[in-house]
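**Q** coordinates only, no sequence provided:
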Ligand code: SF4
Ligand code: SF4
């Protein structure tokens, strides 16, 4: 099998960056990594996950959609889009790789979001197995295997490098000119590395977290549960959980008058914010309890209801690590799972 030695990673990224922009996870603070553009000498983070997910590459936090300018009494439409450059995102974990499938269901459904579609068409996903999953990880609850992350090219990590396998045509095309960077290795090392990852997952605190109480058709039983009041009591509506989440996809669109023209921007929004559903006729979610409930009902009930049973969470654990009041989807799932039979 194709194998890339750790010592050859720099060469690999150098070759890759000849045909496209390459983004890699980089340590930006102690225990905090973020994606950065790779240039020669850039040290790739050895951490498990970036603080923010790889969603940003396809659905950026802020985006200028269109502009308008009045010229000679007529409105001229300004399209800021240029031909999107090819790029690759290296080191994407299985949870984030799955999140793209969830985002596709939203943005590529009719009417197709052509901004997102364009980036998906130009972006190559280079995934990596999780050699040391964290205590906050629970991707397996959603049927994700951290040892088989998908994407276009899979890097299975071992002690001295990675087994490299292209799993899509785009991935095969990408790797084809780099054949001399790799050596041939017996496949047994890859299988052993995968089993090691799976064995660690089985021993983590959230192994065995059940989704049985959730899914389509549970709206009435779960919506009316009294526990939402206590679960949401301390939520300060900061929206952090939605901004770090690889599957959250809500946004707001606003126009700004620059003095010369009008620019229309799309920016991430959060269902946790008090004005999220504010409309001319009022706001149907007046309390934080209602907003909090919406976030979790969407991921655990409404999304699977409308998408063939697929949940809107990938168990990345980011919301577990970042909520200032230590509330998260796992606590919600555990609390609502208790006593579900009596409802
Ligand atoms: S659940 Fe936590 S991270 Fe999310 S809005 Fe509430 S306080 Fe903020
Ligand atoms: S809800 Fe939390 S664990 Fe689930 S995908 Fe979003 S950030 Fe990750």
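**A** Done, it's in. As the structure is a prediction and not an experimental result, all values here were calculated from the model. Ligands and ions are numbered 1, 2, ... in the order given.
**Q** quick one: the helices in the protein, in order.
**A** Using DSSP state H, the helices of the chain run over 9-16, 94-107, 114-122, 169-175, 188-203, 219-223, 227-232, 240-244, 288-297, 303-306, 318-322, 329-337.
**Q** of those, which is nearest ligand 2?
**A** Each of the helices of the chain was scored for nearness to ligand 2 using Cβ to the nearest ligand atom, and the closest is helix 318-322 (3.2 Å). No exception for glycine: its C-beta is placed from N, CA and C like everyone else's.
**Q** who does the closest one touch, helix- and strand-wise?
**A** helix 240-244, helix 329-337 (3 or more Cβ pairs under 8 Å, 6 or more residues apart in numbering; DSSP states H and E).
**Q** what's the closest of those to ligand 1?
**A** Using Cβ to the nearest ligand atom, the nearest of these to ligand 1 is helix 240-244, at 3.3 Å.
**Q** for residue 59, which non-adjacent residue is spatially closest?
**A** residue 116 (5.9 Å; Cβ to Cβ, 6 or more residues apart in numbering).
**Q** count of residues packed around that neighbour?
**A** 19 (other Cβ atoms under 10 Å).
**Q** before we move on, what about residue 278?
**A** Considering only other Cβ under 10 Å, residue 278 is surrounded by 13 other residues.
**Q** how near is it to residue 297?
**A** Between residue 278 and residue 297 the computed distance is 19 Å (Cβ to Cβ, to the nearest Å).
**Q** next one: residue 169
**A** Taking Cβ to Cβ, one finds residue 169 at 38 Å from residue 297.
**Q** check residue 84 and give its pLDDT.
**A** We have a pLDDT of 79 for residue 84.
**Q** tell me the contacts of the residue nearest to it when sequence neighbours are not counted?
**A** Of all residues not flanking residue 84 in the chain, residue 122 sits nearest, at 4.5 Å (Cβ to Cβ, 6+ apart). Counting by Cβ atoms under 8 Å, 6 or more residues apart in numbering, residue 122 touches 84, 85, 86, 87.
**Q** just name the closest of those residues to ligand 1, please.
**A** If you rank the contacts of residue 122 by distance to ligand 1 using Cβ to the nearest ligand atom, residue 87 comes first, at 29.7 Å.
**Q** what bridges to that closest one?
**A** Beta-bridge partners recorded for residue 87 (DSSP bridges): residue 21, residue 123.
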